[in-house]
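Have a look; sequence and predicted model below, questions after that.
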Amino acid sequence: MTAPVDLTAVFIPNPGEFFRVKLALEIAIEQVLSEPGCLRYEITEESEDRIVLTEQWASEEDLARHAKGAAKQDLDESLSALLAEPVALTRG
């Protein structure tokens with residue numbers, strides 16, 4: 001049995017784009033929670049200058065499938081012009 005994979009993603013919105021970034025994340029959350037192996041995908045911290053999303057996947061395979069999936073691709077496209085810097089993704 002494989003151990004779950006825990007991730008934290010930090011999003012830094014461009015000035016004035018906080019609500020658009022949060023909305024894009026909320027739409028993605030609804031879609032991602034139904035993906036196989038998704039144990040957790042939620043906003044755990046937010047302020048005008050950053051949003052933290054906490055993820056947990058049942059396996060590396062589930063995470064890899066998510067990374068190639070439509071919900072992730074749609075989110076990346078939605079956020080492409082809204083973020084001040086690339087998403088900071090950390091494990092653990």
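Received it, and whenever you're ready, just let me know what you need.

From what I see, Tyr41 and Ile29 are in contact.
Yes. Between Tyr41 and Ile29 a contact is recorded at 5.5 Å, counting by Cβ atoms under 8 Å. (Glycine included, C-beta is placed from N, CA and C.)

More neighbours: those two, which one.
Neighbour totals were compared for Tyr41 and Ile29, and Tyr41 leads with 23 against 16 (other Cβ atoms under 10 Å).

how about that one, secondary structure?
Per DSSP: H, G, I helix; E, B strand; the rest coil, the secondary structure class of Tyr41 is strand.

got it, and Ala71?
Secondary structure, three-state DSSP: Ala71 is helix.

What are the neighbouring residues in contact with Glu46?
By Cβ atoms under 8 Å, 6 or more residues apart in numbering, the contact list for Glu46 reads Lys22, Val52.

would you say it is within a helix?
No. Going by three-state DSSP, the assignment for Glu46 is strand, not a helix.

Which pLDDT value does the model give it?
At Glu46, the pLDDT value in this model is 94.

State the phi and psi torsions of Leu23.
phi -60, psi -40 (degrees, to the nearest 10).

From Glu30, how far out is it?
11 Å (Cβ to Cβ, to the nearest Å).

what about the closest residue to Arg50 other than its chain neighbours, how many residues close to it?
Take Arg50 and drop its neighbours on the chain: the residue closest to it by Cβ to Cβ, 6 or more residues apart in numbering is Ile12, 5.5 Å away. When neighbours are counted by other Cβ under 10 Å, Ile12 registers 17.

same thing with Ala24?
Ala24 has 22 nearby residues by other Cβ under 10 Å.

counting contacts, what elements does the helix or strand in which it is found pack onto?
Ala24 is located in helix 18-32, with elements delineated by DSSP states H and E. Using 3 or more Cβ pairs under 8 Å, 6 or more residues apart in numbering; DSSP states H and E, the elements in contact with helix 18-32 are strand 38-47, strand 50-57, helix 70-79.

Perfect, I'm done here.
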